[in-house]
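1. Compute the structure for the input listed below.
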Amino acid sequence: MPDPQTILGDIRLVHTHERFVVVDKPSGVLSVPGIGPEKADCVVSRVHAAFYAGDPSKPPLPSNHLIVHRLDMDTSGLMVVALDADAQRELSQQFHDRIPEKSYVALLDGIVEADDGFIDLPMRLDVDNRPYQIVDHVQGRPAQTHFRVLAREIDRTRIEFRPVTGRTHQLRVHAAYGLRHPILGDVLYGKAAAPRLMLHARTLSFLLPGTQTRVEFEAPVPF
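-> Predicted coordinates:
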């Protein structure tokens, strides 16, 4: 078989296990397939091609059966992708039960005054303006994030987010409406231009499938 990294391309392989892989996704790459053939290329499809397709020792498994969680297309950083159906079910259940621990680094527009804190703003989809998410204290789903300032850099703040829940666009909404300082490069919730969305999934830990052993991975922040 060809070198998996050759097939993965700019998706960096961080760790290989017989039941899963951990990758560092670049900004601009889909996590999972979108609608239409032009959106078929993604992290999961490349992992499937690198570790599954054409391997006679493994029974056929659709690439969508490897999905455990996802990152926004414009967010970079760590993802775990299953390599068998049982691992996919177990790892997905871990995410459902909030067993994994994740941290993100972001650059925010402006100076955040508080050194740390907790954001508790329920959210829901704006059905009239997809994919925009809005804060809704009545109909929104719970969304909670711990934050800690890492550095204040003239006109921006480098911050660490540790989400408790995993809502769509949660960190982007919590930055823009909880801290009132949107993430640089966020075209939905902010205005300040940047080469990309300045949000990166830096650390990820979870339990090895079938065990109670916790493993942790880290991907360097690219900005």
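
2. for the residue nearest the centre of the chain, what are its contacts?
-> Note on the chain: the residue nearest the mean C-alpha position is Leu71, at 3.0 Å, using CA atoms, centre = their mean. When contacts are counted by CB atoms under 8 Å, 6 or more residues apart in numbering, Leu71 touches Lys25, Ser31, Gly77, Met79, Ala201. C-beta coordinates here come from the backbone N, C-alpha and C atoms, glycine included.

3. Swap in 6 Å and give it another go.
-> Shown in contact with Leu71 (CB atoms under 6 Å, 6 or more residues apart in numbering): Lys25, Ser31, Ala201.

4. Would you state the predicted confidence (pLDDT) at the closest residue to Arg152 other than its chain neighbours?
-> Excluding its sequence neighbours, the residue lying closest to Arg152 (CB to CB, 6 or more residues apart in numbering) is Ile111, at 5.5 Å. If you check Ile111, the pLDDT there is 98.

5. so where does Ile111 fall, helix or strand?
-> Counting by DSSP states H and E, Ile111 is held by no secondary-structure element, helix or strand.

6. in the sheet, who's paired with the closest residue in space to Val164 that isn't next to it in sequence?
-> Distances taken as CB to CB, 6+ apart place Gln144 nearest to Val164, at 4.0 Å, with adjacent residues excluded. For Gln144, the beta-bridge partners are Asp120 (DSSP bridges).

7. ok, Gln144 to Gln94 distance?
-> Plainly put, Gln144 is 18 Å away from Gln94 if you go by CB to CB, to the nearest Å.

8. if you go through the protein in chain order, where are the strands?
-> In order along the chain, the chain carries the following strands (DSSP state E): 12-16, 20-25, 76-82, 101-109, 116-120, 123-125, 133-135, 144-153, 156-163, 199-207, 214-218.

9. Nearest approach to Arg180 belongs to which of those strands?
-> The minimum distance between Arg180 and the strands of the chain falls on strand 101-109, with 9.5 Å, by CB to CB.
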